[in-house]
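Asker: sequence first, then the predicted structure, then my questions.
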Amino acid sequence: MTSQSEHGQEQGGELIPKVYDAELVSHEDSEAVDRPRGPVIRRLAVECTGYVLRRVRESERTARWRSVLAYRLRKLPRDVGRLLWFMVRGHGRWIGKAWTWATHGDLRADVRAARLAGDPQARREAQEAIRADAKTRWAKLGIALRRSVIGAAVALALLVVLALFEMLFDRADMPRWLVVVYEVRDFLGAAIRLVAPWLLVVGPVGWLVAAVWEGRDRTPGAGWLTQPDRDDADSWVDERMISRALAHLGIAPLNAFFKDGGQLVYLIAPRKDGDGTFARVRLPLGVTAGMVADRRDTLAANLGRAALETWPTKADEDGVLDLWIADKGSLGGGAGDWPLLHDGTVDLFDGVPFGLTQRGLIINAPLFEANWLIGGRPGQGKTSALRTLTLGAALDSTAELWVFVMGESPDFEPLRPRLTRYRMGMDDKVAADAVQALSELTEEMERRGRTLGAQPGQPPKVSRKLADRAGLGLHPLVAAIDECHELFQHRKYGKQAEELAVRLIKRGRKYGIILLLATQSPTKDSIPKEITRNVSCGVAFAVADHIANDGLLGAGKYRAGIRATELRMKTDRGTCVAVGVTDEAWELVRTFYVPFEDGLDLVSPIVARALAQVVENGRTITATAEEDEAEPVDPLADITHVLNGEARVRTQTVLVRLATLNPAEYDDWTFTDLSAVLSEAGAEPVKSHGVKVVRADAVAAALAARARAEEPERHGEANGDRPGSRGVLPNRLPRQNPPSGQREQGSGSRTGKSRECRESPANRGSECTPPDSLPVEDDGPRDRGRDGP
Ligand SMILES: Nc1ncnc2c1ncn2[C@@H]1O[C@H](COP(=O)(O)OP(=O)(O)OP(=O)(O)O)[C@@H](O)[C@H]1O
């Protein structure tokens, strides 16, 4: 029991402690009480300090201000000297202004000008203006003085009366309003006593600050106050630098603007943008972005940059300047390795890695729903760029690729196994095949239109899903034509090629037909205007003039400062100006380069990968990419053929027969052409019965002599590289010409190599040649090779 009363009561078998004194506390307070106090406070302090320190350290602004502060401390002596100089100059300017005011300097200048101009009327008026001004000035001064004296006298009289009244009467006996007046007087007196000593200090300081302000540097901007001494000072561009550079361009309205103390409005203050600085400036009245772009060299020099590193272009309005300035030297060096060099695939609907922008970002160039026009002076990287795009397309296993090279160049040889059509050469046959291909592409476009229309929901364009359905034949079809000016300027096929290409460019995009054109010569004659107008992606490597520039990039681009004329031959090889490849108005692109030259072939492994992908994805493509190369036209052999075993045939008849045999080649032949070929071979036409005839024995002798002459040449070729070839071709390079045996048969017939037959735009609906077929007689399109994957 005793123990129960001391320790508590027992309830239900449990001992309840006895409470002698207590206080009601909340749950939180009780928790706080329960926790040991010391560690909590310490932890809180540590956490707070850590948070503050982190914020301080992380804050970019703090870092910047620290750097500015350190810079200013280092520059303190120079700044103090500068401020002193401003103060002196400020006083000087005030004195100058006071002197001008006091002596009516501006009006006197008018008098002087009138005297010099010999205009007595203007002079008299200016002198009268001085007199009137002086009179008004003194009158105003008199009024101000009078008002001040009267005011001071009234105030003094009031104070004296108040003082006397206070001497005579006690304030307690005064009426309330009078007490208030005394209180106001006392308050004002106290305030003046308090402020006066401060005024003695603040007054002179304010005076000095005003003098410094008056004497401040009035050149544009005020960056000197904040610009820190940075490690990357070379890259540092600020408003002051830009304003100063613009102020010294020699553009009259800009000069006047700055002379009058104008300050430019920066719609976007200079900010880091990739490997450079970007700013957007509203230009003053009378100045356009084009005027600044015209003085790009001076602007670049003023900014301490190369012209290529300075890009003044028009923003949305003519009066707004977009200025991008590269960090010094950042545009040197190539774009690095192509991201798909060693692995990776492409979805053509997403684009192909093409190069690095000036901002250092990779451009995934759009291919689907796009057409490209690539151009520039020789040897600047057009073909390589075209090849990179085609290689990218090859890595999309659904894409079908056609390539036409209108010149003797092996740049696309390694791609051959992946190409559905490939023609290369300078002869008319390649041009004829290219036109044929364009014509078939337009037919294919119509077919695709019908196929799309038959799909549920009538989709307006090909989608990835539709392209993947092999049965529909809506896969991406990329047709690349290198040196396309040769085609568009072709005396026979040029016009037709132009019409077909324009139709394809205008309408083929949504059907997955993509045209890539590259040219050395982007003039208005070589590249039809309609093509320039309608291609979505324009790429200009170094070009010679504004005509070529706008021919590739679109009208008005040169004017707007988007200029590939600034790119230097050789130095800027591989760098181009491109429009339409990103959402930006233009890009300066360092293109990726996949080498195929000097024995280094990195293209073939990619093609091998592409082929493997095609097989892996269940598409059918065989290594029979070697198209049946057309046998080069052999006029001598053709003449023998049309002589038909007759001993003599009239030249007129030979010409008619030749035109029937091969209209593409001989349709426009005249006697001169025939005679030239025969004379060169030593079988010139002779006169017989008053008409010119071709003698069969002379032609046969000429053919035999040629065969004898060619024999050692062929042996020589077998033992070494062919002269004039660019780059080293892979071993598996297919034969370009038919075997000599076939040539000697000289019948003018064409040979068709073995190939597999699958459905393709080219052969869809037509009969296929069985594998290992014998020479075919047909003269129609001969490169109906294997289909697209
Ligand atoms: N992006 C690049 N980076 C580095 N070098 C390049 C690049 N593109 C091209 N080159 C170099 O320039 C050379 C010429 O390139 P390419 O054949 O593509 O020029 P082109 O403009 O097509 O010339 P042409 O008009 O004579 O056909 C290449 O062999 C290569 O050495």
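Answerer: Looks like it came in fine.
Asker: domains of this protein?
Answerer: For the chain, the domain assignment from automatic domain parsing gives the residue ranges 39-68, 77-214, 223-326, 362-539+601-616, 635-717.
Asker: okay if I get those as CSV plus mean neighbour count?
Answerer: C-beta coordinates here come from the backbone N, C-alpha and C atoms, glycine included. Written out in CSV, the entries for these read as follows (neighbours: other C-beta atoms under 10 Å):
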stretch, mean neighbour count
domain 39-68, 10
domain 77-214, 12
domain 223-326, 18
domain 362-539+601-616, 21
domain 635-717, 15
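Asker: which one of these lies nearest to the ligand?
Answerer: Ranking the domains of the chain by their distance to the ligand (criterion: C-beta to the nearest ligand atom) puts domain 362-539+601-616 first, at 3.0 Å.
Asker: still on that earlier bit, mind putting the domains of the chain into TSV with distance to residue 583?
Answerer: Listed next are these as TSV, based on distance: least, C-beta to C-beta, whole Å:
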stretch	distance to residue 583
domain 39-68	27
domain 77-214	44
domain 223-326	14
domain 362-539+601-616	10
domain 635-717	45
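Asker: now distance to residue 552 and mean pLDDT too, for the ones you listed, in TSV please.
Answerer: What follows is the domains of the chain, written out as TSV (distance: least, C-beta to C-beta, whole Å; pLDDT from 0 to 100):
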stretch	distance to residue 552	mean pLDDT
domain 39-68	41	76
domain 77-214	51	90
domain 223-326	16	83
domain 362-539+601-616	4	89
domain 635-717	31	84
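Asker: which stretch among these comes nearest residue 591?
Answerer: Residue 591 lies closest to domain 362-539+601-616 among the domains of the chain, at 4.9 Å (C-beta to C-beta).
Asker: just list the residues touching residue 699, thanks.
Answerer: By C-beta atoms under 8 Å, 6 or more residues apart in numbering, residue 699 lies in contact with 636, 639, 640, 643, 678, 681, 683.
Asker: run the last query once more with 7 Å
Answerer: Residues counted as contacts of residue 699 (C-beta atoms under 7 Å, 6 or more residues apart in numbering) are 636, 639, 640, 643, 683.
Asker: residue 318 too?
Answerer: Residues counted as contacts of residue 318 (C-beta under 7 Å, 6+ apart) are 288, 289, 290.
Asker: out of the residues you listed, which are inside helices?
Answerer: Secondary structure of the contacts of residue 318 is defined by DSSP state H; positions in helices are 289, 290.
Asker: what is the nearest of the contacts of residue 318 to residue 300?
Answerer: Using C-beta to C-beta, residue 289 is the member of those that lies nearest residue 300, at 15.4 Å.
Asker: pretty sure that closest one contacts residue 562?
Answerer: No. With contact defined as C-beta atoms under 7 Å, residue 289 does not count as touching residue 562 (10.8 Å).
Asker: mutual contacts of these two, please.
Answerer: Common contacts of residue 289 and residue 562, defined by C-beta under 7 Å, 6+ apart, comprise residue 313.
Asker: so where do the strands sit in the stretch 551-700 of the chain?
Answerer: With DSSP state E, counting those that start in this stretch, the ranges of strands along the stretch 551-700 of the chain come out as 575-579, 587-591, 596-597, 600-601, 648-650, 686-688, 691-695.
Asker: so which of those gets nearest residue 541?
Answerer: Ranking the strands of the stretch 551-700 of the chain by proximity to residue 541 (C-beta to C-beta) places strand 575-579 first, at 4.6 Å.
Asker: give me the residues contacting the closest one.
Answerer: Outside strand 575-579, the residues that reach it (C-beta under 7 Å, 6+ apart) are 376, 385, 537-541, 553-554, 557, 562-564, 567, 586-591.
Asker: close to the ligand, is it?
Answerer: No. Residues of strand 575-579 are not located near the ligand by C-beta under 6 Å from any ligand atom, the shortest gap being 7.5 Å.
Asker: residue contacts, residue 273?
Answerer: 324, 359.
Asker: please identify which of the strands of the stretch 551-700 of the chain is closest to residue 321.
Answerer: Evaluated with C-beta to C-beta, the strands of the stretch 551-700 of the chain place strand 587-591 nearest to residue 321, the distance being 16.9 Å.
Asker: just give the nearest non-adjacent residue to the residue in the chain positioned nearest to the ligand, would you?
Answerer: Closest contact between the chain and the ligand, by C-beta to the nearest ligand atom, is at residue 574 (2.5 Å). Closest residue to residue 574 in three dimensions, ignoring its sequence neighbours and counting by C-beta to C-beta, 6 or more residues apart in numbering: residue 381, at 4.4 Å.
Asker: can you check residue 283 too?
Answerer: Using C-beta to C-beta, 6+ apart and skipping residues adjacent in sequence, the residue nearest residue 283 is residue 319, 5.1 Å away.
Asker: quick one, what contacts the residue nearest to residue 574?
Answerer: When contacts are counted by C-beta under 7 Å, 6+ apart, residue 381 is found next to 541, 573, 574, 591.
Asker: so the closest residue to the last one other than its chain neighbours, which of the three states?
Answerer: Spelled out, that is residue 591. Take residue 591 and drop its neighbours on the chain: the residue closest to it by C-beta to C-beta, 6+ apart is residue 355, 3.9 Å away. Look at residue 355: counting by DSSP: H, G, I helix; E, B strand; the rest coil, its state is strand.
Asker: mind starting the numbering at 41 from now?
Answerer: Sounds good: first residue 41 from here, last item residue 395.
Asker: what bridges to residue 395?
Answerer: Residues found in beta-bridge contact with residue 395 (criterion: DSSP bridges) are residue 403, residue 631.
Asker: pretty sure it sits against residue 633.
Answerer: No. Contact between residue 395 and residue 633 fails when scored by C-beta under 7 Å: they sit 9.1 Å apart.
Asker: what about these two, which has more around it?
Answerer: residue 395 (28 against 21; other C-beta atoms under 10 Å).
Asker: what does this protein have sitting close to the ligand?
Answerer: On the criterion C-beta under 6 Å from any ligand atom, the ligand has as its neighbours in the chain the residues 374, 416, 418-424, 560, 613-614, 631, 633, 637.
Asker: of all these, which comes closest to residue 588?
Answerer: Comparing the residues of the chain next to the ligand against residue 588 with C-beta to C-beta picks out residue 416 as the nearest, at 8.0 Å.
Asker: any idea how far residue 159 is from the most centrally placed residue in the chain?
Answerer: Compute the mean C-alpha point of the chain, and by C-alpha atoms, centre = their mean the closest residue is residue 627, 0.4 Å away. Note on residue 627: its distance to residue 159, by C-beta to C-beta, to the nearest Å, is 59 Å.
Asker: before we move on, what about residue 596?
Answerer: 48 Å.
Asker: residue 135 too?
Answerer: Spatial separation of residue 135 from residue 159 under the definition C-beta to C-beta is 32 Å.
Asker: got it, and residue 527?
Answerer: Here the distance between residue 527 and residue 159 works out to 71 Å (C-beta to C-beta).
Asker: I appreciate the help and will end here.
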